[in-house]
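[1] Just need the structure, nothing else, for what follows:
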Amino acid sequence: MARLTGGMFLVRLRVEVIRGLSNPLHPSQKLIMEWKTREESHQGSSNGKIHVKEYVPKQSQTRLDPKQINDLVVAYQSGNTIKELAVQFQIYHTTVSKILERRGVPKRYRPLAPEQIEYAIKAYQAGSSSKMIGDLLGVDASTIWRTLRREGVNMRDCHGRDVTRSNR
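    Below is the predicted model of the structure:
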């Protein structure tokens with residue numbers, strides 16, 4: 001804990017407030033840090049010193065314990081998707097992927113069913129984006145994009161212009 005006199009306290013407070021405004025820690029955290037000051041009571045009497053409680057940012061990561069990691073692996077192997085597990089364990093989907101990779105769990109590739117491919121082709125040719133189709137079918141937009149290309153569909157760029165295979 002830092003022990004500062006009155007003038008030093010004000011300088012330190014100003015520096016810390018400016019640092020907080022210049023380099024915000026996280027959008028959800030307060031920009032201006034709370035400083036608690038109190039007089040130190042030593043056996044019931046005050047000696048005039050001011051104490052500043054140092055700000056320690058809280059870690060925004062969620063760390064899973066070994067049991068939770070085992071539960072995650074079992075849930076994935078029983079059919080849950082990476083995105084479902086990310087929501088369930090309150091972690092990012094890439095963290096789920098990395099945990100599975102570290103554990104040597106092979107990832108599932110879920111190809112589209114023939115009727116889903118047919119729907120995707122019709123919807124894309126009608127003007128829907130691969131993102132919109134992916135959201136409807138519960139897969140990533142890149143899965144839709146690859147499937148449509150594999151099926152020989154003329155693809156569009158983000159501006160709606162036809163893209164040839166040689167460009168991609």
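
[2] only C-alpha atoms for contact and neighbour calcs from this point on.
    OK.

[3] what residues are up against R156?
    162-163 (Cα atoms under 8 Å, 6 or more residues apart in numbering).

[4] Next, D65: phi, psi?
    Phi and psi for D65, reported as degrees, to the nearest 10, are phi -80, psi 170.

[5] Tell me how far it lies from R150.
    To R150, D65 is 42 Å away according to Cα to Cα, to the nearest Å.

[6] likewise Y76?
    As for Y76, its distance to R150 is 28 Å (criterion: Cα to Cα).

[7] Show me which of these two is the more surrounded one.
    Neighbour count, other Cα atoms under 10 Å: between Y76 and R150, Y76 has more, with 19 against 9.

[8] if I look at the more buried one, how far off is L10?
    Taking Cα to Cα as the measure, Y76 falls 54 Å from L10.

[9] Domain parsing of this structure, as residue ranges.
    What automatic domain parsing lists as the domains of the chain is 2-52, 66-102, 114-167.

[10] Give me the pLDDT value at Y92.
    Per-residue confidence (pLDDT) for Y92: 88.

[11] That one touches A86, doesn't it?
    Yes. Using Cα atoms under 8 Å, Y92 is in contact with A86, at 5.5 Å.

[12] Am I right that R14 sits in a helix?
    Yes. Membership of R14 in a helix is supported by DSSP: H, G, I helix; E, B strand; the rest coil.
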